[in-house]
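# return atomic coordinates for the entry below.
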Amino acid sequence: MIEQDIYVDNIISSVTNENKAVQFYKEAREFITKGGFNLRSWTSNSQLLRTIACADNILDKDTKPKVLGMRWDVQKDELCFAQTEIHLTAETDITKRVILNQSSKIYDPLGLLSPITIRAKLFLQELWRENYEWDQILPTKLCETWIDIATHIQKRINTAFPRRYFTGTQNETISLTLQVFSDVSLKAYIAYLCKGNESKLIMAKTRVAPVKSLTLPQLDLIAAVNGARLTQHILSMFINISNVELWSDSQIVLNWLMSKKPLKRFIATV
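Now for the predicted structure:
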């Protein structure tokens, strides 16, 4: 279990109840100690385990410790984004370099803020099309547009979401279905995990359409391919998904995927 859950010098694991959590705590510490290491800075959403770790003087005092770039509120058992400040005023001259620097501050590995952060990507692409230099001061109208985008991003940084996808008893047999939707509107690939009538957003990925002009079916095909790649990535992390369904609203793309005839080079190699 430790081998599967270790990342560099951190161990992040999950079990079904407090008794198993305490057992994991003791066995993990004993195992690591044999190698001459001290497994410290423990925290958990279990008050019992936190109490034990505190007694052993290895409790992480941070109520929102870092978890692979995110923050984990152990009391509410929620994940949230690391707080960062986006410049909302024109105190500093706004240039393309400044906008890239500010928009890159948001660490969102699951793409949960994609509906907001995609606006910054589209805005940068617009600046590229207009051939603005990296350190060229932008016109007032474009500065106002960036301030509006930055304001929305700053507000959404406070978004928090449950750490667990589903709740249930430890003996419950869970049958999970992965639903992946791809669309070309903003080239978004969205994955939902379903259990019965419940569904939870796993992650979303967005890509700005390339500057080079492509047809709508070609863009739909790129979206479908990237949706399939996202599916492979998710399946490598989950071991109990029993069914996978990928969705596209393009009949042309579906016909291409099913065709046994020779296709044009672009379609055949995407």
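# residue closest to the middle of the protein?
The residue lying closest to the centre of the chain (Cα atoms, centre = their mean) is Leu110, at 0.7 Å.
# hang on, that one packs against Ala204?
Yes - Leu110 lies in contact with Ala204 (Cβ atoms under 8 Å); the separation is 7.3 Å. (Glycine included, C-beta is placed from N, CA and C.)
# if I look at the closest residue to Ile94 other than its chain neighbours, how far off is Arg29?
Take Ile94 and drop its neighbours on the chain: the residue closest to it by Cβ to Cβ, 6 or more residues apart in numbering is Cys143, 4.6 Å away. Distance from Cys143 to Arg29, counting by Cβ to Cβ, to the nearest Å: 54 Å.
# just Leu214 next, same as before
55 Å.
# the two - which one has more neighbours?
Arg29 (18 against 15; other Cβ atoms under 10 Å).
# low pLDDT regions in this structure?
87-92, 168-174, 185-193, 239 (pLDDT under 70).
# number of residues surrounding Leu263?
12.
# oh sorry, the question was meant for Ser250
With other Cβ under 10 Å as criterion, Ser250 counts 19.
# which ones are touching it?
Ser250 makes contact with 184, 216-217, 220-221, 224, according to Cβ atoms under 8 Å, 6 or more residues apart in numbering.
# give the buried residues for stretch 53-65.
53, 58-60, 64-65 (16 or more other Cβ atoms under 10 Å).
# over to stretch 210-230?
For stretch 210-230, by 16+ other Cβ under 10 Å, it's 217-224, 226-228, 230.
# quick one: which of the residues you listed sit in helices?
Here DSSP state H is the test, and these give 217-224, 226-228, 230 as lying in helices.
# which one of these is nearest Gln4?
Leu230 (21.4 Å; Cβ to Cβ).
# the closest one contacts Lys205, correct?
Yes - assessed by Cβ under 8 Å, Leu230 is found in contact with Lys205 at 5.8 Å.
# can you give me the end-to-end distance of stretch 132-151?
Start and end residues of stretch 132-151 are separated by 23 Å (Cα to Cα, to the nearest Å).
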